[in-house]
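Visitor: Model the structure of this input:
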Amino acid sequence: EFFFLEPGGRLSKLRRGRFQPPLHFAGSFARASFLSPGDKLALGRA
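Guide: Next up is the predicted model:
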């Protein structure tokens with residue numbers, strides 16, 4: 001799990017899903033409200 005402290009103090013986390021790597025965080029990234037669509041695209045390319 002990865003924890004992120006957002007501006008305003010909200011704590012968000014990315015959790016591993018049921019898929020095998022490299023897609024194990026795909027669902028969590030897709031639902032992450034603290035990431036913009038551009039951020040998600042950049043992470044997908046990395």
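
Visitor: drop to CA atoms for contacts and neighbour counts, all remaining ones
Guide: OK.

Visitor: low pLDDT regions in the protein?
Guide: When residues are selected by pLDDT under 70, none of them lie in the chain.

Visitor: Just want the most central residue of it.
Guide: Per CA atoms, centre = their mean, the C-alpha nearest to the average position across the chain is that of residue 29, at 3.1 Å.

Visitor: Now stretch 14-25: buried residues?
Guide: For stretch 14-25, burial by neighbour count (16 or more other CA atoms under 10 Å) applies to 14, 16, 25.

Visitor: tell me the contacts of the first one?
Guide: Looking back up the chat, that one is residue 14. Residues in contact with residue 14 (CA atoms under 8 Å, 6 or more residues apart in numbering) are 1-3, 25, 28-29, 32.

Visitor: Which of those has the largest number of neighbours?
Guide: Neighbour tally across the contacts of residue 14 (other CA atoms under 10 Å): the maximum, 21 neighbours, falls on residue 29.

Visitor: I'd say it and residue 42 touch.
Guide: No - with contact defined as CA atoms under 8 Å, residue 29 does not reach residue 42; the gap is 11.3 Å.

Visitor: circling back: secondary structure element holding the residue nearest to the centre of the chain?
Guide: With secondary structure defined by DSSP states H and E, residue 29 is part of helix 26-31.

Visitor: And for residue 12?
Guide: Short version: residue 12 belongs to strand 11-14, going by DSSP H and E.

Visitor: Counting neighbours, which bits of that strand end up buried?
Guide: Neighbour count says strand 11-14 has residue 14 buried, by 16+ other CA under 10 Å.

Visitor: Can I get it as PDB, trimmed to CA atoms?
Guide: Taking C-alpha atoms only, strand 11-14 is exported to PDB below (Å, rounded to 0.1, in the frame of the first residue of the first chain):
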ATOM      1  CA  LEU A  11      -5.300  10.700   3.400                       C
ATOM      2  CA  SER A  12      -5.500   8.600   0.300                       C
ATOM      3  CA  LYS A  13      -4.000   5.200  -0.400                       C
ATOM      4  CA  LEU A  14      -3.300   3.000  -3.400                       C
END
